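Engineer: Got a sequence here, can you model it:
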Amino acid sequence: MNLENAKKNKTKIVGLYCAFAPQELVLAAGAIPVGLCGTKNEPIAAAEKVLPRNLCPLIKSSFGFAITDTCPFFRLADFIIAETTCDGKKKMFEFLRRYKPMHIMQLPQSSDGIRAFDWWLAELSVLKIKLEENLGVGISENSLRQAIKLANRERRTMKRLHEINKIDPAPLSGLDLMTALWSNNFTEDKEEGIELVNGLIGEADEIAGNGTSPFPKGTPRILLTGCPVGLGSEKVVMLIERGYRFYCGNRLWKDICSLH
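Structural biologist: Predicted coordinates:
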């Protein structure tokens, strides 16, 4: 994989578990930010030998991938950015410290806008210092500005993808959209990732133009929230979409489906 070539070229790799981790600081440090694995069942059994069994499956999967060396992104990472999003993750990070150098960002727990902002700004400053110390680099204001511009371009591109899928009927299925979003977390070259998403936007635009959507007009939209959904845990999305197509393709159910 390209990450292995990056390691050979002495490029540092930083693993991220959450969207709260500021990839801009990682990019400004000349390192590659990558998402870490955690949405499959297979590693959970190994994790339960260490972690409490009643913890969230996402946490156990993430820990299991790390300790069984089955997540190549964790294995290649030089540094891990963790965050206090929940008590379960805090417990997992206590154990993960034994495997990789890590910094845990303390997320603001208050809804007070001013205090929360000041707290978070201080956390970003601490992370900058930790990255410089652990990666042996200096993060300049110019490199940070360039990293922010790149990350914002990526966000605008992803927003365009979401916007085009608001067309009725949606040109992309939920599974297609989820796959694109999830895969983007593991793209080591941001420019390449942006181009891939732009290509998908072009395909979606073409589908919308020629009317070849996988769904009929008026198909209900379901918002799936909660624990992150990624490849390996996509069965809920598949059940919703395949179930709708099956039942609404049946004449006995067409009148019911039309009510939605």
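
Engineer: I'd assumed Val14 was in a strand, is it?
Structural biologist: Yes. Read with DSSP: H, G, I helix; E, B strand; the rest coil, Val14 is one of the residues of a strand.

Engineer: Quick check: it vs Thr219, distance?
Structural biologist: Between Val14 and Thr219 the distance, using Cβ to Cβ, to the nearest Å, works out to 40 Å. Every residue, glycine included, has its C-beta placed from N, CA and C.

Engineer: Looking at the two, which is more packed in?
Structural biologist: A side-by-side neighbour count of Val14 and Thr219, using other Cβ atoms under 10 Å, places Val14 first with 23 against 18.

Engineer: what separates stretch 194-210 from the chain centre, distance-wise?
Structural biologist: 21 Å (Cα atoms, centre = their mean, to the nearest Å).

Engineer: what sits up against it?
Structural biologist: Surrounding stretch 194-210, the residues in contact under the criterion Cβ atoms under 8 Å, 6 or more residues apart in numbering are 153-154, 157-158, 160-161, 164-165, 167, 171-172, 180, 184, 187, 213.

Engineer: Which of the residues you listed are buried, as a ChimeraX select command?
Structural biologist: Burial among the contacts of stretch 194-210 is assessed by 16 or more other Cβ atoms under 10 Å; the matching ChimeraX selection reads:
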select :154,157,158,160,161,164,165,167,171,172,180,184,187,213
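
Engineer: Which residues are in contact with Asn184?
Structural biologist: When the contact criterion is Cβ under 8 Å, 6+ apart, the partners of Asn184 are 154, 158, 193, 196-197.

Engineer: which one is the residue positioned nearest the centre of the chain nearest to, not counting chain neighbours?
Structural biologist: With the centre of the chain defined as its mean C-alpha position, the nearest residue by Cα atoms, centre = their mean is Asn185, 4.8 Å away. Of all residues not flanking Asn185 in the chain, Gly35 sits nearest, at 3.2 Å (Cβ to Cβ, 6 or more residues apart in numbering).

Engineer: Surely the one you found touches Phe186?
Structural biologist: Yes. When contacts are counted by Cβ atoms under 8 Å, Gly35 is listed as touching Phe186 (5.5 Å).

Engineer: ok, those two, which is more surrounded?
Structural biologist: Neighbours were counted for Gly35 and for Phe186 using other Cβ under 10 Å; Gly35 has more, 21 against 17.

Engineer: So what pairs up with that one in the strands?
Structural biologist: Under the criterion DSSP bridges, Gly35 forms beta bridges with Leu16.
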